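**Student:** Generate a structure from the sequence data that follows.
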Amino acid sequence: MISTPHIIEKKERKITWKIYKGGPGITTKQKNALIKSFSMDDPAIKAAEHADVNRNTADLWYRHFRELIFQATRRAPRLFGEVEMDQAAFGGRGRKKMMSALKRLAKKLPHHEYMEKAKEVRSEHKTQVFGILQRGGNVYTHIIKDQSARTLTPIVRMVVEDTAIVYTDKWGGFKDLKLDGYTHRSVNHSREYVAKDGSYINSIESFWSFAKDRLGAFRGISMTVLPLHIKECEWRWNIGAEDRNVSAKARWARVEKALRALM
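**Tutor:** Predicted coordinates for the structure are as follows:
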């Protein structure tokens, strides 16, 4: 694990010195350029060119920014009102083995049984993330080991007020929500996107789309740093980095301001 840079300022020379390796580090101008590139969601290689620093230096500072964001988002919020919940899978390990297993299942099982079993197979090869979104408010993500009610229910209790109206899909892990006092409404995604009673989870699905589009640009992320990237997606969403009602420049300025507040 790369440690966070230990920084001291040398005002008389206007140079930032990095103690962890010794020797001169980056200037304040270069640091500001890296912050701006990160705010614009530029890749580290582009940020290194823009700031005129080594690629490894840009990677190190990007890691530092993500660790700051991770620490700032670790505390679970309390969500209320109308709340949507869903799970998504990120990353992947042993894709060829997974696809072979799915093909074997497809030949042996009826379609409805295959769909249930396929979720289990995919979950074994991907990182499972549980998302809870308050409509008109923030989203909260939590990496989980499995999608059982035993795993999901404690997270729901921790994050969601018991007066909330909860919207989910038909996944069995949500079956006990009514027993916990929640008003629970669900939509069967194998048949429809909006239930007859108007229930939907399109907002949390929009967040998954936003997160997967961002992470897909990396063309593969190490499992060790994936949690940092997931929390970065959560943080960017919550501060309005995905808001298409404002200009890109305004969104970047919003991200930069929020990042500097963490430093």
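**Student:** what bits of the stretch 51-200 of the chain have low per-residue confidence?
**Tutor:** Within the stretch 51-200 of the chain, the segments meeting pLDDT under 70 span 92-96, 122-125.
**Student:** Recalculate using a threshold of 90.
**Tutor:** 74, 89-128, 145-149, 170-181, 186-200 (pLDDT under 90).
**Student:** what about the helices in it?
**Tutor:** 55-73, 95-108, 111-125, 149-159 (DSSP state H, counting those that start in this stretch).
**Student:** Give me the distance from stretch 51-71 to the chain's centre.
**Tutor:** 18 Å (CA atoms, centre = their mean, to the nearest Å).
**Student:** Can you add distance to Arg135 and mean neighbour count and give the helices of the stretch 51-200 of the chain back as JSON lines?
**Tutor:** Every C-beta, even on glycine, is put in place using the N, C-alpha and C of the backbone. Shown next, in JSON lines, are these (distance: least, CB to CB, whole Å; neighbours: other CB atoms under 10 Å):
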{"stretch": "helix 55-73", "distance to Arg135": "20", "mean neighbour count": "18"}
{"stretch": "helix 95-108", "distance to Arg135": "34", "mean neighbour count": "12"}
{"stretch": "helix 111-125", "distance to Arg135": "26", "mean neighbour count": "13"}
{"stretch": "helix 149-159", "distance to Arg135": "14", "mean neighbour count": "16"}
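**Student:** Out of the ones you listed, flag the one nearest Ala261.
**Tutor:** helix 55-73 (8.9 Å; CB to CB).
**Student:** I'd like to know which of the helices of the stretch 51-200 of the chain is closest to Asp86.
**Tutor:** For these, the distance to Asp86 is smallest for helix 149-159, at 10.7 Å, taking CB to CB.
**Student:** Could you name the helices and strands sitting against that closest one?
**Tutor:** Secondary-structure packing of helix 149-159 (3 or more CB pairs under 8 Å, 6 or more residues apart in numbering; DSSP states H and E): strand 127-134, strand 139-144.
**Student:** Format the helices of the stretch 51-200 of the chain as CSV; extra columns: distance to Thr27.
**Tutor:** Shown next, in CSV, are the helices of the stretch 51-200 of the chain (distance: least, CB to CB, whole Å):
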stretch, distance to Thr27
helix 55-73, 12
helix 95-108, 43
helix 111-125, 44
helix 149-159, 42
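**Student:** Gly240 is nearest to which of these?
**Tutor:** helix 55-73 (14.8 Å).
**Student:** Would you mind writing the CA trace of the closest one as CSV?
**Tutor:** Taking Å, rounded to 0.1, in the frame of the first residue of the first chain, the C-alpha atoms of helix 55-73 are listed here in CSV:
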residue,chain,number,x,y,z
ARG,A,55,3.7,9.7,-14.0
ASN,A,56,4.5,8.0,-10.7
THR,A,57,4.2,11.3,-8.9
ALA,A,58,0.8,12.0,-10.4
ASP,A,59,-0.4,8.4,-9.5
LEU,A,60,0.8,9.0,-5.9
TRP,A,61,-1.1,12.3,-5.6
TYR,A,62,-4.2,10.8,-7.1
ARG,A,63,-4.0,8.0,-4.6
HIS,A,64,-3.6,10.7,-1.8
PHE,A,65,-6.8,12.5,-3.0
ARG,A,66,-8.7,9.2,-3.1
GLU,A,67,-7.6,8.3,0.4
LEU,A,68,-8.8,11.7,1.7
ILE,A,69,-12.2,11.1,0.0
PHE,A,70,-12.4,7.6,1.4
GLN,A,71,-11.8,8.9,4.9
ALA,A,72,-14.4,11.6,4.5
THR,A,73,-17.1,9.2,3.2
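**Student:** So which residues make contact with that helix?
**Tutor:** The contact list for helix 55-73 (CB atoms under 8 Å, 6 or more residues apart in numbering) reads 2, 4-5, 26, 31, 34-35, 37-38, 44-45, 47-48, 51, 225, 227-229, 231-232, 234-235, 259, 262-263.
**Student:** Narrow those to those that are buried.
**Tutor:** Using 16 or more other CB atoms under 10 Å as the burial test, the contacts of helix 55-73 include 5, 26, 31, 34-35, 37-38, 44, 47-48, 51, 225, 227-229, 231-232, 234-235, 259 as buried.
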